[in-house]
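[1] Kindly return the folded structure for what I paste below:
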Amino acid sequence: MGIWQQIRQAEPAVRAFTARSRVKLFGKYIFNRYTSFLVWLTLYFLIIWEKGGLCFSVWLLNLEIPAALGAYWYFNHILRPGRLQPYLAALPVFYAYIWYDAYYFAFDQPFRLTALHELPALVQFLSPTASAALGAAAVIPPLFFLSRTDWRARRASLAAGILGLGLFCGILRLFPGIFAGAVTGLSISADALGDHQSGRIITALAAESQRRLAVKQFDGFRNDRAFLARERERAAFVAAHSNGHNVHLIIMESLLDPTLFENLKLSRDPYSPQFRELFGGRAGLSESPIFGGGTAQAEFEVLCGSPALRRLGHIEFNSFTGPQTPCLPNILNQSGYRTISSQLVHPALLNVGRAYKAMGFRERYFPDQYSTEKTYCSLNKASKTELTLFDGDFFSQNLDFLGNTGKPVFNCLVTMYGHFPYYLDETKRPGIITARPSDPVVNVVASQFFYRTRAMADFVTRVNAREPHSLIIMVGDHLPVLLDASAKRFDLRAKTLKNWVLSSREKYEKLGYLPGQANATRITRIFIMRDGKPVVYPLIHHYDIPGIVLDYVTDGAYCKRYRCGHLGQPPDPRELKAQYMHLMAQAL
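    Below you'll find the predicted structure:
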């Protein structure tokens, strides 16, 4: 047989072998664990986007997805070989994204590294079961991953990874400009825009680097003579026109008016008859800087008249070191007011004690269980079922303590009733409202609202009886997350997401909360009683409230001289930003 005949006979076999080799080669470089990882990661981003989370953008291909792919390669490298290796290698990446998105869904704002300071505040309100579950979710997956790490064979790689991580953290902390310069061109902002366009983790790191750089930028605003002169002039103007009328400001924890749900039917009016008699339908709306948590951000805006821009961290209060700042209490101090604050939390929580002192509250009262100083606040009447002191008991303690004082009073209270998790003490405040469609959380929150409006009405009635001229403002700090702490969220037997509420914001949308209103989940109720008569303004921001107070105590002179948002003359955004920079520079 000739050579050419042998070749012709072998040709089919060669072609088949070549075809198989091409398929194998193609599959090796295309259909592998890394391709699968990218597909699943993309699907995850798309699902979160569809559920109301951060959107998926092709800009993620710039840094976020390459960084995630690099991390996946490294985790594959350090794990012991086996069937679980490709899945375990993906665990840290998805673990980080799941925690990030859970935070975003819960609080309607992107995660920032400074939010880690809030963990003690968040955990203390969880039930023991929920705390244990959260702890298990935080500890078990990492431990399982570490148990599969090849500590012997990959010692050099592990050492290099630890060294690289330490070096990166050191650069981010000590030389933030290096990282900020490396991501120049990304859209990094305090809201979710940067996270949409540049990725969750990359933006969180970039925001931290910019925060550290911002601390230096505030040096140019500290002790600015022109700003300080304007603030002295403003305080002197208020003092010269002050009428000495009392002001009561109540920041209500998680205040939710269920009548604002268009798609919800209630078994009865959630407003108490006493409240209806006082206010009728005179109820306003105010936009908070937050949703679901972070009361300190709302307090900052309400008391300082500046938007909470989060340039120095997740919580402005954490940046207050002691110097006096030109906030509302300090302005009223110069008008001879007795400035009093009453809180139901530990004074060290989120730096509240120091922040309130810097704002100008000369009398600060915390519960006797948390404070070594003289105080009238007590949690002794707090119900073990409801976990915190009821608004009515808090109001009663406050008014009994105030009595009749000769000096004008600026009386600020921050309540805690209505905080997650939501419970009713059936022996004192039984559930009296049911909603359709049926929702156990909405039922409890609606019933709480009924009892809270009754307590608010009692407070207003007592104040009006002894103070014919006074201003009472009651505003919600933020809306509550509508998650059930006790209901079953995940049915393992059915392997479905039965009854699992992925997004509290999604529930607000489904129930029709303020339909068509921008930023609906950041808008809460505000009730104003001026000289015994209810007053309502069009939608305002929380940072407009100091203008309402100062205009009242000057008989309208303040807003004739300065721009007031509640009267339709909001300050220019550039002025608000400058005010924030100067104010925080003073607070540092």
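[2] from here on, contacts and neighbour counts on C-alpha atoms
    OK.
[3] All the helices of the stretch 351-500 of the chain, in order from the start?
    352-359, 391-402, 440-466 (DSSP state H, counting those that start in this stretch).
[4] In this structure residue 295 contacts residue 476, no?
    No: counting by Cα atoms under 8 Å, residue 295 does not reach residue 476; the two are 9.5 Å apart.
[5] between these two, what contacts are shared?
    Counting by Cα atoms under 8 Å, 6 or more residues apart in numbering, the shared contacts of residue 295 and residue 476 are residue 253.
[6] Looking at the two, which one has more neighbours?
    Neighbour tally, residue 295 and residue 476, criterion other Cα atoms under 10 Å: the higher count belongs to residue 476, 28 against 23.
[7] mind listing what that one touches?
    So residue 476 contacts 251, 252, 253, 254, 255, 256, 524, 525, 526 (Cα under 8 Å, 6+ apart).
[8] what about the stretch 351-500 of the chain, any weak spots by pLDDT?
    Residue ranges of the stretch 351-500 of the chain with pLDDT under 70: 405, 484-500.
[9] switch the cut-off to 90
    351-355, 368-374, 379-388, 403-407, 419-423, 438-439, 468, 481-500 (pLDDT under 90).
[10] what about residue 526, how many neighbours?
    There are 26 residues near residue 526, going by other Cα under 10 Å.
[11] on that earlier part again, which one of the helices of the stretch 351-500 of the chain is the most hemmed in?
    helix 352-359 (a mean of 22; mean count of other Cα atoms under 10 Å).
[12] helices or strands up against that one?
    On a contact count with 3 or more Cα pairs under 8 Å, 6 or more residues apart in numbering; DSSP states H and E, helix 352-359 meets helix 295-304, helix 328-333, strand 363-365.
[13] so what's residue 275 up against?
    Counted by Cα under 8 Å, 6+ apart, residue 275 has contacts 453, 454, 456, 457.
[14] list the contacts for the first one?
    What that stands for is residue 453. Neighbours of residue 453 in contact, by Cα under 8 Å, 6+ apart: 271, 272, 275.
[15] returning to that earlier point: so can I have a markdown table of the helices of the stretch 351-500 of the chain showing distance to residue 91?
    Compiled in a markdown table, these are given as follows (distance: least, Cα to Cα, whole Å):
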| stretch | distance to residue 91 |
| --- | --- |
| helix 352-359 | 37 |
| helix 391-402 | 44 |
| helix 440-466 | 33 |
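[16] Which among the ones you listed is found nearest to residue 154?
    Nearest of the helices of the stretch 351-500 of the chain to residue 154, taken as Cα to Cα: helix 352-359 at 47.0 Å.
[17] Can you dump the C-alpha atoms of that closest one in CSV for me?
    Taking C-alpha atoms only, helix 352-359 is exported to CSV below (Å, rounded to 0.1, in the frame of the first residue of the first chain):
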residue,chain,number,x,y,z
VAL,A,352,-24.7,61.2,70.6
GLY,A,353,-23.7,62.6,74.0
ARG,A,354,-20.7,64.5,72.6
ALA,A,355,-22.6,65.7,69.5
TYR,A,356,-25.5,67.1,71.4
LYS,A,357,-23.1,69.0,73.7
ALA,A,358,-21.3,70.5,70.7
MET,A,359,-24.6,71.5,69.1
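[18] Only whichever of the contacts of residue 476 are buried, select them in PyMOL.
    Per 16 or more other Cα atoms under 10 Å, the buried members of those correspond to this PyMOL selection:
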select buried, resi 251+252+253+254+255+256+524+525+526
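[19] what's the closest of the contacts of residue 476 to residue 82?
    residue 254 (49.3 Å).
[20] before we move on, what SS does the closest one have?
    Here residue 254 is coil, with the state taken from DSSP: H, G, I helix; E, B strand; the rest coil.
[21] I'd guessed it sits against residue 452; true?
    No: counting by Cα under 8 Å, residue 254 sits too far from residue 452 to count as a contact (11.2 Å).
[22] Just put the helices and strands packed on helix 352-359 in JSON lines and tack on distance to residue 238.
    Formatted as JSON lines, those follow (distance: least, Cα to Cα, whole Å):
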{"stretch": "helix 295-304", "distance to residue 238": "15"}
{"stretch": "helix 328-333", "distance to residue 238": "8"}
{"stretch": "strand 363-365", "distance to residue 238": "21"}
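[23] so what does the strand or helix carrying residue 216 touch, helix or strand wise?
    Residue 216 belongs to helix 200-217 when assigned by DSSP states H and E. Judged by 3+ Cα pairs under 8 Å, 6+ apart, the packing partners of helix 200-217 are helix 64-78, helix 155-174, helix 176-182, helix 193-198.
[24] Could I get the CA-only coordinates of the first one as CSV?
    Right, the one you point to is helix 64-78. Output in CSV follows, covering the C-alpha atoms of helix 64-78 (Å, rounded to 0.1, in the frame of the first residue of the first chain):
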residue,chain,number,x,y,z
GLU,A,64,-15.3,45.6,39.6
ILE,A,65,-15.7,42.4,37.6
PRO,A,66,-12.0,42.0,36.9
ALA,A,67,-11.3,42.4,40.6
ALA,A,68,-14.0,39.8,41.4
LEU,A,69,-12.5,37.4,38.8
GLY,A,70,-9.0,38.0,40.2
ALA,A,71,-10.3,37.2,43.7
TYR,A,72,-11.9,34.1,42.4
TRP,A,73,-8.7,32.9,40.8
TYR,A,74,-6.8,33.5,44.0
PHE,A,75,-9.3,31.6,46.2
ASN,A,76,-9.2,28.7,43.7
HIS,A,77,-5.4,28.7,44.1
ILE,A,78,-5.3,28.5,47.9
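[25] Now do the helices in the stretch 201-350 of the chain.
    According to DSSP H, counting those that start in this stretch, the helices that the stretch 201-350 of the chain contains are 225-241, 273-279, 295-304, 328-333.
[26] Of the ones you listed, which is nearest residue 353?
    Among these, if distance is taken as Cα to Cα, the winner is helix 295-304, at 11.4 Å.
[27] For the closest one, give me every contacting residue.
    251, 253, 288-290, 306-308, 315-317, 326-329, 350, 352, 359, 477-478, 542-546.
[28] Go again with 6 Å.
    Helix 295-304 is touched from outside by 307, 327, 328, 477, 542, 543, 545, with contacts defined as Cα atoms under 6 Å, 6 or more residues apart in numbering.
[29] Tell me the spacing between the closest residue to the second one other than its chain neighbours and residue 222.
    When the adjacent residues along the chain are set aside, residue 327 lies closest to residue 304, with 4.3 Å between them (Cα to Cα, 6 or more residues apart in numbering). Here the criterion is Cα to Cα, to the nearest Å. By it, residue 304 lies 17 Å from residue 222.
[30] So which of those two has more stuff around it?
    residue 304 (25 against 18).
[31] picking that back up, among the helices of the stretch 351-500 of the chain, which is nearest residue 54?
    The nearest among the helices of the stretch 351-500 of the chain, by Cα to Cα, is helix 440-466 at 25.6 Å.
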